[in-house]
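Student: All I have is the shape, not the residue letters:
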C-alpha cells in the first residue's frame, strides 16, 4: 500500500528477480490485444511496468476484457459506469476479474494475486494470466476473440481415440519395448551358481 517502505537485503534481491521476469515486448502485445478486444475507448497506457500497472489497477479494463469473451446476455462481471476510486472497490473489481477468468478456464497456477497487480509486486504474473486468457480464447475459437490469432499459443486439445474390441484384444498380445527386450539374450559364458571365479595367473 501507500505506507510500504522500500525493501532491503534478501527482500530486495527477491523483488529484483521478480521484476526481471517482466517482459516489455509481451506488454506491447498484450496492450494491443486488450485495445482490439475491448475497443479504443480503453485508452493506451504509458510504456513500462508502472504505466501498465496504473492502466489495469482499478480492474475496469480487465473486467471489460473478460466480458468481451462472452456473448451479450451472459457477461460475468458487472462493470461500473464510473471507475471505482476507493481502494477496496478497485481490489474487489480485480478479484471479480480473477473469478471470471478462472470460470473461463484459466488454471489456478496461471492466476495472479490481487496484490501482484495492485501493489506492483509481480506484474510478470499479471502478464502470465493475460497470456493464459488469450490462449484459451484462441483455442476455444467461438467467435468472441478479436485480434491476431498468432499473438497467443493455441492450447493442446484432447484427441480421443476409439478402438474396436478386436483391436483391444490384439493389443493384449504385444509386449511393448517399455518392458524390455529379450532379443540377443543368451546364457553363454554363465557359470553355475556357487562356483568360484576362475582366476588364471
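Tutor: Sure, I can see it. The shown structure was predicted, so the numbers you read here are calculated from the model rather than taken from an experiment.
Student: From now on I want contacts and neighbour counts done on CA atoms only, so please keep to that.
Tutor: Noted.
Student: so what does whichever helix or strand residue 124 is part of touch, helix or strand wise?
Tutor: Residue 124 belongs to helix 123-140 when assigned by DSSP states H and E. The helices and strands touching helix 123-140, judged by 3 or more C-alpha pairs under 8 Å, 6 or more residues apart in numbering; DSSP states H and E, are helix 9-20, helix 24-38, helix 114-118.
Student: Report the mean confidence score over stretch 90-108.
Tutor: When pLDDT is averaged along stretch 90-108, the result is 92.
Student: ignore the last one, stretch 57-76
Tutor: So the average pLDDT for stretch 57-76 ends up being 88.
Student: tell me which residues of it are tucked away?
Tutor: Neighbour counts over stretch 57-76 (16 or more other C-alpha atoms under 10 Å) mark 57-70, 75-76 as buried.
Student: does residue 146 sit in a helix, a strand or a coil?
Tutor: When classified by DSSP: H, G, I helix; E, B strand; the rest coil, residue 146 comes out as coil.
Student: So it is in contact with residue 34, correct?
Tutor: No - the criterion here is C-alpha atoms under 8 Å, and residue 146 misses it with residue 34 at 9.2 Å.
Student: more neighbours, those two?
Tutor: residue 34 (24 against 17; other C-alpha atoms under 10 Å).
Student: which other helices and strands contact whichever strand or helix holds residue 100?
Tutor: Assigned by DSSP H and E, residue 100 belongs to helix 87-104. Applying 3+ C-alpha pairs under 8 Å, 6+ apart, we find helix 87-104 packed against helix 60-67, helix 114-118.
Student: Specify the angle between that helix and helix 60-67 in degrees.
Tutor: Between helix 87-104 and helix 60-67, the angle comes out at 20 degrees (axes from the mean of the first three to the mean of the last three C-alpha atoms, to 10 degrees).
Student: Same question for helix 87-104: list its buried residues.
Tutor: Quick answer for helix 87-104 (16+ other C-alpha under 10 Å): 90, 91, 93, 94, 95, 96, 97, 98, 100, 101, 102, 104.
Student: Over to stretch 20-36?
Tutor: Buried-residue list, stretch 20-36, by 16+ other C-alpha under 10 Å: 22, 27, 30, 31, 32, 33, 34, 35, 36.
Student: residues contacting the last one?
Tutor: Meaning residue 36. Going by C-alpha atoms under 8 Å, 6 or more residues apart in numbering, residue 36 touches 146, 147.
Student: ok, now how distant is it from residue 170?
Tutor: Distance, residue 36 to residue 170, using C-alpha to C-alpha, to the nearest Å: 53 Å.
Student: What of the third one?
Tutor: The spacing between residue 30 and residue 170, counted by C-alpha to C-alpha, is 51 Å.
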